[in-house]
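>>> sequence plus predicted model, see below.
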Amino acid sequence: MHSLANIPLDLSFICDTIGDRKEQYKHAFWLKTDFDSDIWDCDFSGIGEKKIDFNIILSDGTRLTDNKHRVLLETIKHFLCIHTHPDATGGKILNGGTARTMVYHSLHMLDYFLLNSKDYQLHQHGFSALTENDFTRMLLTIGSCRSIHKSVYHWKDSLTNFLKNKIANLNEDIIDLTIENNPDLKFCECNKDEKILNLTDSELLHSRVWLFMNDYYRQICSKSGIYKMAPNNFKLARLIYANTLGGQYTNFPTVSELCIGKIIYSAREYQSAPVCTSNNIAQMGESYLIQYYHTIRHLGILKTVDLPVPYHALQQIKFSRIVERLNLNKDGRFSMLPSHVVLGSLKNAIEFCLNYGNDLIESYLSLIKAVHDSGKTIMQWHFAGTDITPYLTPVIIKLGVKRWLIENNVNKIRRRLDDVDHYRALRENVALWELLRVLYGAIQIIIGTLMARRQGELLDLIATDCLDDQKRYLIFYARKSGIAGKREKVARPIPAIAAQMIVLLERFQIELKNIGIINKFYPLFSHPHPFKNKLVNFSDSQFNRSTNTFCDYMQTSFDKEGRRYYIRQHQLRRFFAMLFFWGSSFGGMDTLRWFLAHTDVEHLYHYVTESTPGDVLRGVKAHYATEQLQSYDDSATALSDLLEKKFGTRKFDLMSSDELDDYIKNLIDEGSVRVEPEFFNTDDGNSYRILIKVIEKP
């Protein structure tokens, strides 16, 4: 008889079809500690790490790890592990990101029952007494709000109650002395409409004192800016949610009224135009909620290993009824940006990079070398008022750069610039660091537009390791591909201008490494730190802030509600296709004409159709047709006739673009409308025009 112990790894799935299921369910590729450990360390294949501490106190005062709760603890642990077993996946091998999502969803649902333990009595009955109504109520609660922080953890109310309890016994003399020694505690730049806590102004001041006295502050970035001090929500969560499995290791949103002294401008100049077409951005999307539904149903699988779970109650959950009761909208898609925003931004990005990219990089390298050699930090130089112009190139001096940061008194919160003055100074090119952010935003726009990659794929790019030797292909690890967490490494042709920008950023990091500022190569879009002699630890938020800075600098236009179009990579994925469809009508946009003039247009269209997902391409075609309708272009006459029968009007400029987009896309999907290029030769070479055809059906 052959032993299964030595079976090859590629055939290990055979082991999952036989043997002791209960033992199998104790294993998951992301679990790095022993199943029986009271504290789990989880690593989801580099996607993220998580700690789960089972040593929590239940509502009866006993601990989950006590022997009397052994079965409940085993059930919870098996439930967390089972999601990656073939019995739950249908034989598919999940990657780290998907496994992480399912485990996090499981923790949210487990915490829901723990936080409502008076209703569900988990300490007494475990899961076995839960009914269909209990699970339905849980899913209704989660689906009622896009934010788990609100729906499950009630962050606002929990933090309010926590702080009220802590400040109740604070000594007034200690409060006064702390404020006297730390007057910044009185300065919180938070508008009344931003406040979320149910605390009076006096209670807020006392709360800041308590947080300061107990070392709960740190410098932090939030969506509204960078603060001198903000609460350390990781530490607070460990106290507030000490008896939850997921909440105690969750990073909750920053509460503005507890922050002390906004020292850097708001993260963007204007309110952002919506990037999603969903009518209800507060509710969780249907496709997101159904993930919770499928995850909780995995609990029923544990019936096969004789763990006490309410199998029949889980089977009776009707997801369609939950959707109906919540009146959930279908998930919104990302809005199509107006073509003039798309094309104008690409034009501005290319011109800015070509005109100033090299000089900005050279100026920073010269400056940071001098700072590094002096043994001080860039922030110390800035606060000391050290003249940086000797280190700037003539082009950058002529541009107007005078100092490192716009904010001349960052450490003096009562003297900071207001937003109006800050953004005026940004566009007057006063400071080198802010212009470097504009440069990074511009390069992100160029690469994001021309390569149509997912944002995560761009975040993963590492300097010196993302181009082939000939600089003709972008090398990256594709998201949503590969098996067992191993993402596929792929190469895609890259336009010369995009490759040129990558080479610029790679050369920048090579020089920083030679100087001794960095000792390894960072993500490609990691920009210089404003206060330290280093590059920032890169993230989604840093990527988006660079794009925001570019949009504010270039003053991208507003929607009808006065909100600025801040470009996001999700939208950029369809920009390259848009570049083609609007490319024949650029007018005076010489930069984009130059780009197309160096490309065979038929070959370009082939690349567009190959590199753009079909559904996205049809959406681009529909949006192009919508804009032609709303501008009453002759090319859309036949389509106007068709839509007049549907809507009873030809005043398409008064209608919602999203509504027209959706309807025309349906017509394209069913073959009633075609939006295709027609190629022809001219004295200047090959050219094209876009035709909108209505197909008469017999």
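The structure has been received and is ready for your questions.

>>> what sits against the residue nearest to the spatial centre of the chain?
Nearest to the mean C-alpha position of the chain, by Cα atoms, centre = their mean, lies Asp540 at 5.1 Å. Counting by Cβ atoms under 8 Å, 6 or more residues apart in numbering, Asp540 touches Gln455, Leu459. For the C-beta atoms, the positions are set from N, CA and C on the backbone; glycine is no exception.

>>> for it, give me the pLDDT.
For Asp540, the model assigns a pLDDT of 80.

>>> so how far is Ile196 from the closest residue to Leu204 other than its chain neighbours?
If the residues on either side of it in the chain are set aside, Leu204 comes closest to Glu257, at 5.4 Å by Cβ to Cβ, 6 or more residues apart in numbering. Remark: distance between Glu257 and Ile196 (Cβ to Cβ, to the nearest Å) = 8 Å.

>>> what do you get for Asp157?
10 Å.

>>> and Ser345, by the same measure?
From Ser345 to Ile196 the distance is 34 Å (Cβ to Cβ).

>>> neighbour count: those two, which is higher?
Legend: neighbour count by other Cβ atoms under 10 Å for Ser345 and Ile196, higher for Ser345 (26 against 16).

>>> would you confirm that the more buried one contacts Tyr553?
No. Judged on Cβ atoms under 8 Å, Ser345 makes no contact with Tyr553 at a distance of 11.0 Å.

>>> show me the domain layout of the protein.
For the chain, automatic domain parsing gives the domain ranges 21-146+282-326, 155-264, 339-554, 613-694.

>>> in the chain, which helix or strand is least confident?
Across the helices and strands of the chain, mean confidence by mean pLDDT, DSSP states H and E is lowest for helix 590-597: a mean of 48.

>>> ok, then the element right after that one?
Using DSSP states H and E, the helix or strand that follows helix 590-597 in sequence is helix 601-611.

>>> where does the stretch 251-400 of the chain have low pLDDT?
Applying pLDDT under 70 to the stretch 251-400 of the chain flags the ranges 262-266, 276-283, 328-335.

>>> show me where it has its helices.
Ranges of helices in the stretch 251-400 of the chain, per DSSP state H, counting those that start in this stretch, are 286-297, 311-315, 319-326, 339-374, 378-383, 394-399.

>>> how about the second one: buried residues?
Right, the one you point to is helix 311-315. Tyr311, Ala313, Leu314 (16 or more other Cβ atoms under 10 Å).

>>> one more: the longest one?
Neighbour-count burial for helix 339-374 flags 339, 341-350, 352-353, 356-357, 359-365, 367-372 (criterion: 16+ other Cβ under 10 Å).

>>> quick one: distance of that helix to the chain centre.
Remark: helix 339-374 is offset 24 Å from the chain centroid, using Cα atoms, centre = their mean, to the nearest Å.

>>> for that helix, name the packing helices and strands.
Packing partners of helix 339-374 (3 or more Cβ pairs under 8 Å, 6 or more residues apart in numbering; DSSP states H and E): helix 378-383, helix 394-399, helix 432-451, helix 496-515, helix 540-554, helix 575-581, helix 590-597.

>>> name the residues of the second one that come out as buried.
The neighbour-count check on helix 394-399 (16+ other Cβ under 10 Å) flags Ile396, Leu399 as buried.

>>> and for the third one?
The neighbour-count check on helix 432-451 (16+ other Cβ under 10 Å) flags 432-451 as buried.

>>> do stretch 371-387 as well
Of all the residues in stretch 371-387, those buried under the rule 16+ other Cβ under 10 Å are Val371, His372, Thr377, Ile378, Met379, Trp381, His382, Phe383, Thr386.

>>> what does that stretch contact?
Residues outside stretch 371-387 that contact it (Cβ under 8 Å, 6+ apart) are 367-368, 388, 403-405, 410-411, 515-517, 528-533.
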